[in-house]
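Engineer: sharing a sequence plus its predicted fold:
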Amino acid sequence: MATRIPVVDHLLLEPEPRLKAVVCAACGADYLTRRNACASCGGTEFTTLELGTDGAVVAFTIVHRAAPGIPVPFVSAIVRLDEGQTVQSNIVGVDPDPEHVTLGMPVRLTTYVAGTDDNGVEAVAYAFAPRS
């Protein structure tokens, strides 16, 4: 099996792919990205929390223009996880049009290989796909 590394710190690959949040020890505010200080209370101590993989689309847009080499159209969305956190992510595995992507659509975390270096190390990214 190839060596795999997540493209962002808040993606865990083992034992199963999940996202993790950092949680302020003082006030309980949670964030997906690393923090030096809490934006809510200024606290500087954090714990981590593994998040679930299921959520629902709460906002989305169909992107028709992107940087060179990025295939369009694609769906960029805000997903509210079942635990309440919100995540910006692409929606994959669905036609990128409003007939197939809807507000409230149930989705599940998925991963994909975003690239492979010359040594065969895979950079793994995440997205959400419709839940069946």
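Structural biologist: On my side now, so go ahead.
Engineer: okay, how far is it across stretch 13-31, tip to tip?
Structural biologist: Using Cα to Cα, to the nearest Å, the end-to-end distance of stretch 13-31 comes to 19 Å.
Engineer: what comes up buried for it?
Structural biologist: Neighbour counts over stretch 13-31 (16 or more other Cβ atoms under 10 Å) mark R18, L19, A21, V22, V23, C24, A29, D30, Y31 as buried. (Glycine included, C-beta is placed from N, CA and C.)
Engineer: so which residues of the protein form strands?
Structural biologist: Assignment of strands within the chain using DSSP state E yields the ranges 4-6, 11-12, 18-24, 30-31, 46-50, 54-63, 74-81, 86-91, 106-116, 122-130.
Engineer: who's in contact with the longest one?
Structural biologist: With Cβ atoms under 8 Å, 6 or more residues apart in numbering as the contact definition, strand 106-116 has outside contacts at 2, 4, 7, 11, 13, 17-19, 53-57, 79, 91-93, 122-131.
Engineer: run the last query once more with 7 Å
Structural biologist: Strand 106-116 is contacted from outside by 7, 17-19, 53-57, 79, 91-92, 122-131, using Cβ atoms under 7 Å, 6 or more residues apart in numbering.
Engineer: other SSEs contacting the lowest-mean-pLDDT helix or strand in the chain?
Structural biologist: The helix or strand of the chain with the poorest confidence is strand 30-31; it has a mean of 93 (mean pLDDT, DSSP states H and E). Identification of packing neighbours for strand 30-31 by 3 or more Cβ pairs under 7 Å, 6 or more residues apart in numbering; DSSP states H and E yields strand 18-24.
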